[in-house]
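[1] missing the sequence, but the structure's below:
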DNA sequence: ACAGTGGTATGATTTAAATCATATATCTGC
DNA sequence: GCAGATATATGATTTAAATCATACCACTGT
């Protein structure tokens, strides 16, 4: 992904290391850098007026808060959930370099991808039951057969808009009813059900 | 918004009229045109494997399915919910014209905006109760004080991920408890509660 | 004027998730 | 290796939304 970046911009990138739980930026601050996550895990979140925290996105690898390029302030908080390594690109130069066709195309594609991902998440959160959300997630984020869990189940529950208890219980019952098989971090659809159970599922 | 489009591209735009309930495109089709909604209302939706329909977006005015510019197939259905007028831009030429800096900047801003809007919606759908979702919607989509409803309550309920009954009941109880005031299509926060009740609410 | 359709509204019942409580397992820093 | 924190897990209870039912209203086309 970094391959499409123009040389001069790459040279301007400053490495930045974050310890677990360290903040990267806060809501309301003026964006000066656009960050690329090389390793680790960055969470975008926002505190609701109820005081509860809502995780908007978890980035393992890739650009972060893409919208900040054209915004005067961050609309969410960002912190590292584990030790992480980032690259910081100065936003002014980044904007300049959008003139390069290859870079511009990459950037537009990236934004479009993110829109699709978010539409998937909206669709998923519109589902009423825990089981439906779990299956929808496995269909859209997995390879069609399996999904390798890359976070804790608790964090996953949050992403699914469920209490962690509801996730534990429903994973259990999905396994008991034979719809899925769980090996440690790997969750697979039961082969026998795969063809017939969800004919309309659409991969993104 | 159309102002930023280059002259040659504008000349290529073909008007397209849709009757209510008429389909614009189906999931899986190859995108040939990027559509701009001039008037009316276009719904992007997707049928879930359960058979239920999920509304992903309702466009009254603006571009539609932005991601289609770089995709080989639509990932959702689109139909007009009322009689609508669109402009159809050939995608090949559209891509060409992204070379124009003003146009490219507009397009990137537009995609970024949409990402923010979707993040808001994800945040909203993560809220557990109907009341929280309603208030969150009024805060993020309204002007900070009031919101002018532009669709039926039934359609709104769908957007909020609620049954229409739940929306009716909770609007009623929010009004009774004095948190909001409803005049026909206009919903306002009660002035007295405004300052103190939701200090952390963030406008996008 | 009329019938049919879809939105609005409210009551009764069911259902599933949230919450609370508690226990065990696992990871992490010292 | 140990202590504290966090994740996993499951049971009991509460709660709020979904669902089902019914009624009324507004709009549309004939």
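    Now that the structure is in, tell me what you want to look at. Quick caveat, the model's predicted, so the values are computed rather than measured.
[2] am I right that residue A:169 is in a helix?
    Yes. Assessed by DSSP: H, G, I helix; E, B strand; the rest coil, residue A:169 belongs to a helix.
[3] for it, which residues are in contact?
    By Cβ atoms under 8 Å, 6 or more residues apart in numbering or on different chains, the contact set of residue A:169 is residue A:130. In this view, the C-beta of every residue, glycine as well, is placed from N, C-alpha and C.
[4] that one and residue B:173: what is the separation?
    Going from residue A:169 to residue B:173 by Cβ to Cβ, to the nearest Å gives 30 Å.
[5] was I right about residue A:136 contacting residue A:123?
    Yes. Taking Cβ atoms under 8 Å as the definition, residue A:136 is a contact partner of residue A:123 at 7.2 Å.
[6] tell me the residues of chain A that contact DNA strand C?
    A:20, A:128, A:129, A:130, A:131, A:161, A:162, A:163, A:165, A:166, A:170 (Cβ under 7 Å from any atom of the strand).
[7] surely residue A:148 meets residue A:184?
    No. The criterion here is Cβ under 8 Å, and residue A:148 misses it with residue A:184 at 9.6 Å.
[8] more neighbours, the two?
    Taking other Cβ atoms under 10 Å in any protein chain shown, residue A:148 and residue A:184 do not tie; residue A:148 has more neighbours (12 against 7).
[9] one step back: pull out the buried members of the residues of chain A next to DNA strand C.
    By neighbour count, with 16 or more other Cβ atoms under 10 Å in any protein chain shown, the residues of chain A next to DNA strand C hold A:130, A:131, A:161, A:162, A:166, A:170 as buried.
[10] and the pLDDT at the last one?
    In other words, residue A:170. We have a pLDDT of 97 for residue A:170.
[11] quick one: it from residue B:18, how far?
    Residue A:170 sits 40 Å away from residue B:18, taking Cβ to Cβ as the criterion.
[12] now do the longest helix seen in chain A and helix B:101-125, the angle between them.
    Of all the segments assigned as helix in chain A under DSSP state H, the longest by residue count is helix A:101-126. Interaxial angle, helix A:101-126 versus helix B:101-125 (axes from the mean of the first three to the mean of the last three Cα atoms, to 10 degrees): 20 degrees.
[13] helix A:101-126 - contacts with which helices or strands?
    In terms of contacts (3 or more Cβ pairs under 8 Å, 6 or more residues apart in numbering or on different chains; DSSP states H and E), helix A:101-126 is packed against helix A:130-141, strand B:53-59, helix B:101-125.
[14] picking that back up, which members of the residues of chain A next to DNA strand C define the maximum pairwise distance?
    By the measure Cβ to Cβ, these have their two most distant members at A:20 and A:128, which lie 34.8 Å apart.
[15] where does pLDDT dip in chain A?
    When residues are selected by pLDDT under 70, those of chain A lie in A:1, A:48-52, A:192-204.
[16] show me where it has helices.
    A:7-12, A:91-97, A:101-126, A:130-141, A:153-159, A:164-176, A:191-197.
[17] quick one: is the third one near DNA strand D?
    Put plainly, it is helix A:101-126. No. Judged by Cβ under 7 Å from any atom of the strand, helix A:101-126 and DNA strand D are separated, with a smallest distance of 9.1 Å.
[18] report the buried residues of that helix.
    Buried residues in helix A:101-126 (16+ other Cβ under 10 Å): A:103-126.
[19] re the thing from before, which of the residues of chain A next to DNA strand C come close to chain B?
    The residues of these that also fall near chain B, by Cβ under 8 Å from any Cβ of the partner chain, are residue A:161.
[20] which one of the residues of chain A next to DNA strand C sits closest to residue A:71?
    residue A:161 (25.8 Å).
[21] for the residue nearest to the closest one when sequence neighbours are not counted, phi and psi?
    Excluding the flanking residues, the one nearest residue A:161 by Cβ to Cβ, 6 or more residues apart in numbering or on different chains is residue B:126, at 4.6 Å. Per-residue torsions, residue B:126: phi -80, psi -10 (degrees, to the nearest 10).
[22] let me see the contact set for residue B:126.
    Residue B:126 neighbours (Cβ under 8 Å, 6+ apart): A:54, A:125, A:158, A:161.
[23] counting neighbours, what do you get for residue A:157?
    For residue A:157, using other Cβ under 10 Å, the count is 22.
[24] one more: residue A:72?
    Look at residue A:72: counted by other Cβ under 10 Å, it has 8 neighbours.
[25] from residue A:31, how far out is it?
    In terms of Cβ to Cβ, residue A:72 sits 8 Å off from residue A:31.
[26] next: residue A:171.
    Taken as Cβ to Cβ, the spacing of residue A:171 relative to residue A:31 amounts to 38 Å.
[27] okay, now the residue nearest to residue A:100 when sequence neighbours are not counted: neighbour count?
    Leaving out its chain neighbours, the residue that sits closest to residue A:100 by Cβ to Cβ, 6+ apart is residue A:6, at 5.0 Å. Using other Cβ under 10 Å, residue A:6 is surrounded by 17 other residues.
[28] the one 10 residues further on too?
    Using other Cβ under 10 Å, residue A:16 is surrounded by 15 other residues.
[29] surely it meets residue A:83?
    No. Contact criterion Cβ under 8 Å: residue A:16 and residue A:83 do not qualify, at 12.0 Å.
[30] can you pull up the bridge partners for residue A:46?
    Counting by DSSP bridges, residue A:46 is bridged to residue A:54.
[31] one step back: next, the residue nearest to residue A:100: phi, psi?
    phi -70, psi 150.
[32] got it, and residue A:29?
    Dihedral pair for residue A:29: phi -70, psi 150, per degrees, to the nearest 10.
[33] what's the separation between it and residue B:21?
    Here residue A:29 is placed at a distance of 46 Å from residue B:21 (Cβ to Cβ).
[34] more neighbours: the two, which one.
    Between residue A:29 and residue B:21, counted using other Cβ under 10 Å, the more crowded position is residue A:29 (14 against 10).
[35] quick one: contacts for the more buried one?
    A:73, A:74.
[36] again, but for residue A:40
    A:18, A:60, A:80, A:82, A:83, A:84, A:85, A:86.
[37] just the buried ones among the residues you listed, please.
    Buried members of these, scored by 16+ other Cβ under 10 Å, are A:18, A:80, A:84, A:86.
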